[in-house]
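K.L.:
using only what follows, build the 3D model:
(2 chains)
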Protein chains: 2
Amino acid sequence: MLAVGRELLIGRTLNTNAQWMGSRLARRGTLLAEIETVDDNLMEIASGLKDCLRRKPDFLVVVGGLGPTPDDMTLKGISNGIGRGLRLNKQALSMIKEHYARRNLGSMEMTPARKKMAILPIGALPVSNAVGTAPGVKLELEGTTVFCLPGVPSEMKSIFKESVEPEIAKKLGSLHRKYISLKLEGIYESALAPLIKTELRRYPGAYIKSHPRGIREGKSRIELDVAVVSEHKEKAEEVAVLIVREIRSAIEAAGARVVSERVGPPRAQG
Amino acid sequence: MLAVGRELLIGRTLNTNAQWMGSRLARRGTLLAEIETVDDNLMEIASGLKDCLRRKPDFLVVVGGLGPTPDDMTLKGISNGIGRGLRLNKQALSMIKEHYARRNLGSMEMTPARKKMAILPIGALPVSNAVGTAPGVKLELEGTTVFCLPGVPSEMKSIFKESVEPEIAKKLGSLHRKYISLKLEGIYESALAPLIKTELRRYPGAYIKSHPRGIREGKSRIELDVAVVSEHKEKAEEVAVLIVREIRSAIEAAGARVVSERVGPPRAQG
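P.N.:
Numbers count the residues shown, from 1 in each chain, chains lettered A, B, ... in the order given. Sure thing, here's the model as predicted:
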């Protein structure tokens, strides 16, 4: 994800869009590989785009900066970054007209500000926005499918669900991910570390991560996430269960306690 | 900022660290230029570091992955990224010992997991952590001062305030930023766009950004941020006030309403 907008850099807005998208992708069994956040500035957008494309992702979602005002400059920044011109897209223009007609939003006149939202990089396609005005934008760049979505959360979510996720799902095919989370009590991270044997981390597709959660009533608390990805659902499950069983018995042998075990992607936390 | 941790990519954790740091820097009159978030994986950390250094920032703050467990691999990732070895740092080791002694946290033994937190890239210096165990780390790379801080918010904040901000303040010298935010009612972004005259955006150091805030009781609401940066406090103030006055009168002439005006950095919002 490339998030565009100074509001994210000055702490005005928390990047809840990234959290939402990351957790949706995790539930699908894939991973948001990187989140890059840049200022709304043509050079920053262009260089952020290049950073993201350099890693050759299957998909890149650019969020923010598609609106009618001059501070919305994502498409121009992208066009600079890839060295392609911008052109008025008729299909996008009719989507915008239709939006104003449907909502009966005052004058139907296609002012320059409204038209601006239909000016796309050459070769890009507009993507229908059922909630707001600015269409999403889709373009193929060096093997990466790039989607540009508005930053307004309701619009971003709607276009992501309707138009982005189906394509990701198609690409993903049959990858499965199994998640198990444990809450531990009475053990410090430095004591936990040697209990998680290196062999466990070496299982193909396995990921183990601990999060210290402070001390309550004199007892150190930790949350421990285990995730296993595999092309076979049963394999993912089997390995995850095995890893958790090993960790559990090591922890109990060390005199600490597993307070709870939860199956499924870790829940979002503030 | 380079934030390290899968929890941020799967939506388990909201990046409130970035919001906190961004808003602190904004209040100081400077800007967090970029936030990059990567997985806890050696290659991802190394390539994220390179992305961040490529823009030659004065400061880079790397957050997360300094703890004792094997999933804490920020320092190894950095060392790979810059092609420098890792070495046990005696000063860091004594900080860690002191932490355990001070807190009386069970055994004083320097286990490999505890020692790990003192193994720094060659040439790096440890930075005292008054709140937790893992010391921060400071190193100079190609004209950028890099600080690595723990991801636990209380530890990150404590080291940032004590050791990072003073250096940023010194570098900043006397740069001043003036912020004014307006809440508007009864105008759409596409109608607002032409009212903000291009000349206003051309003032040196001026930044104007609108945020649509939905429709309430049939009236469209927008928040509009104006920021002006200058070496002279009076100049920043003067230009910001002038811009706001111009925008205000254009908006009122268009039949819309300025509901409120607020001086100071925009407040954080969920």
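
K.L.:
how is chain A carved up into domains?
P.N.:
A:2-172, A:176-263 (automatic domain parsing).

K.L.:
most packed of those?
P.N.:
domain A:2-172 (a mean of 20; mean count of other Cβ atoms under 10 Å in any protein chain shown). Every C-beta, even on glycine, is put in place using the N, C-alpha and C of the backbone.

K.L.:
and the gap between A:E238 and A:Y203?
P.N.:
10 Å (Cβ to Cβ, to the nearest Å).

K.L.:
hmm, I was thinking of A:T30
P.N.:
On the measure of Cβ to Cβ, A:T30 and A:Y203 end up 19 Å apart.

K.L.:
what of A:P150?
P.N.:
41 Å.

K.L.:
cool, A:I168 as well?
P.N.:
For A:I168, the distance to A:Y203 (Cβ to Cβ) stands at 25 Å.

K.L.:
what is the least confident helix or strand in chain A?
P.N.:
helix A:198-202 (a mean of 81; mean pLDDT, DSSP states H and E).

K.L.:
what is that one packed up against?
P.N.:
Judged by 3 or more Cβ pairs under 8 Å, 6 or more residues apart in numbering or on different chains; DSSP states H and E, helix A:198-202 is in contact with strand A:206-216, helix A:233-253.

K.L.:
mind checking which of the ones you listed is nearest chain B?
P.N.:
Evaluated with Cβ to the nearest Cβ, these place strand A:206-216 nearest to chain B, the distance being 4.5 Å.

K.L.:
partners of the closest one in the sheet?
P.N.:
strand A:219-230 (antiparallel) (DSSP bridges).

K.L.:
so how far is the partner strand off the chain centroid?
P.N.:
21 Å (Cα atoms, centre = their mean, to the nearest Å).

K.L.:
stretch A:110-119 too?
P.N.:
29 Å.

K.L.:
any idea of the mean pLDDT in that stretch?
P.N.:
Across stretch A:110-119, pLDDT averages out at 92.

K.L.:
likewise stretch A:47-64?
P.N.:
95.

K.L.:
now do the same end-to-end measure for that stretch.
P.N.:
16 Å (Cα to Cα, to the nearest Å).

K.L.:
quick one: that stretch near chain B?
P.N.:
Yes: counting by Cβ under 8 Å from any Cβ of the partner chain, chain B has neighbours in stretch A:47-64: A:47-48, A:51, A:54-55.

K.L.:
ok, the residues you listed vs chain B, which is closest?
P.N.:
Distances from chain B to the residues of stretch A:47-64 next to chain B, taken as Cβ to the nearest Cβ, are shortest for A:D51 (4.7 Å).

K.L.:
quick one: pLDDT of the nearest residue to A:D71 once chain neighbours are set aside?
P.N.:
Distance criterion Cβ to Cβ, 6 or more residues apart in numbering or on different chains; nearest residue to A:D71, sequence neighbours excluded, is B:K209 at 4.5 Å. As predicted, B:K209 sits at a pLDDT of 89.

K.L.:
could you give the bridge partners of B:K209?
P.N.:
Beta bridges link B:K209 to B:D225, judged by DSSP bridges.

K.L.:
next up, the contacts around it.
P.N.:
Counting by Cβ atoms under 8 Å, 6 or more residues apart in numbering or on different chains, B:K209 touches A:5-7, A:40, A:69, A:71, B:224-225.

K.L.:
one more time with 10 Å
P.N.:
Listed by Cβ atoms under 10 Å, 6 or more residues apart in numbering or on different chains, the contact set of B:K209 reads A:5-7, A:12, A:40, A:69-72, B:181, B:196, B:223-227, B:266.

K.L.:
where among the helices and strands packed on helix A:198-202 is average confidence lowest?
P.N.:
strand A:206-216 (a mean of 89).

K.L.:
that strand to helix A:233-253, inter-axis angle?
P.N.:
Computed with axes from the mean of the first three to the mean of the last three Cα atoms, to 10 degrees, the direction of strand A:206-216 lies at 40 degrees from that of helix A:233-253.

K.L.:
got the residues of the stretch 151-270 of chain A near chain B?
P.N.:
Applying Cβ under 10 Å from any Cβ of the partner chain, one finds that the stretch 151-270 of chain A approaches chain B through A:151-152, A:154-155, A:177, A:179, A:181, A:188-196, A:198, A:201, A:207-215, A:220, A:222-225, A:227, A:265-270.

K.L.:
try it again with 8 Å
P.N.:
So far as Cβ under 8 Å from any Cβ goes, the stretch 151-270 of chain A lies against chain B at A:152, A:188-194, A:196, A:198, A:201, A:207-212, A:225, A:265-270.

K.L.:
out of the domains of chain A, which gets the lowest mean score?
P.N.:
domain A:176-263 (a mean of 90).

K.L.:
for stretch A:69-81, the distance to its chain's centre please.
P.N.:
Stretch A:69-81 sits 21 Å away from the centroid of its parent chain (Cα atoms, centre = their mean).

K.L.:
what's the angle between the helix or strand hosting A:A18 and strand A:219-230?
P.N.:
Element membership for A:A18 (DSSP states H and E) is helix A:16-27. Put simply, helix A:16-27 runs at 60 degrees to strand A:219-230, going by the same axes, to 10 degrees.

K.L.:
any part of whichever helix or strand comes after helix A:16-27 near chain B?
P.N.:
Next helix or strand after helix A:16-27 toward the C-terminus (DSSP H and E): strand A:34-38. Yes: with Cβ under 8 Å from any Cβ as the measure, strand A:34-38 is seen reaching chain B through A:34-38.

K.L.:
so what strands line up beside strand A:34-38?
P.N.:
According to DSSP bridges, strand A:34-38 forms sheet pairs with strand A:2-4 (parallel), strand B:34-38 (antiparallel).

K.L.:
what's the next secondary structure element after the longest one?
P.N.:
Next in sequence after strand B:34-38, counting helices and strands by DSSP H and E, comes helix B:42-54.

K.L.:
so what secondary structure elements neighbour that following helix?
P.N.:
Helices and strands touching helix B:42-54, by 3+ Cβ pairs under 8 Å, 6+ apart, are strand A:34-38, helix A:42-54, strand B:2-4, strand B:34-38, strand B:59-63, helix B:74-82.

K.L.:
wouldn't A:S47 be in contact with A:N80 here?
P.N.:
No: using Cβ atoms under 8 Å, A:S47 makes no contact with A:N80, being 9.7 Å away.

K.L.:
need the contact list for the closest residue to A:P204 other than its chain neighbours.
P.N.:
Spatial nearest neighbour of A:P204, chain neighbours left out: A:S230 (7.6 Å); criterion: Cβ to Cβ, 6+ apart. Shown in contact with A:S230 (Cβ under 8 Å, 6+ apart): A:175-178, A:204-205, A:236, A:239.

K.L.:
so which of the residues you listed is the closest to chain B?
P.N.:
So of the contacts of A:S230, ranked by how close each gets to chain B (Cβ to the nearest Cβ), first place is A:R177, at 9.8 Å.

K.L.:
now the closest one, what's its secondary structure?
P.N.:
Reduced to three states with DSSP: H, G, I helix; E, B strand; the rest coil, the structure at A:R177 is strand.

K.L.:
sorry, back to before: next, format the strands paired with strand A:34-38 as TSV and append distance to A:A130.
P.N.:
Formatted as TSV, those follow (distance: least, Cβ to Cβ, whole Å):
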stretch	distance to A:A130
strand A:2-4	22
strand B:34-38	29
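
K.L.:
out of those strands, which comes closest to B:W20?
P.N.:
Nearest to B:W20 among those is strand B:34-38; the distance by Cβ to Cβ comes to 11.8 Å.

K.L.:
disregarding flanking residues, what is the spatial nearest neighbour of A:S158?
P.N.:
Closest to A:S158 by Cβ to Cβ, 6+ apart is A:V131, at 4.5 Å.

K.L.:
how close does the one you found sit to chain B?
P.N.:
The gap separating A:V131 from chain B is 11 Å, by Cβ to the nearest Cβ, to the nearest Å.

K.L.:
wait, that residue touches A:F160, no?
P.N.:
No: look at A:V131 against A:F160 with Cβ under 8 Å: they stay out of range, at 11.2 Å.

K.L.:
what is in contact with those two at once?
P.N.:
By Cβ under 8 Å, 6+ apart, no residue touches both A:V131 and A:F160.
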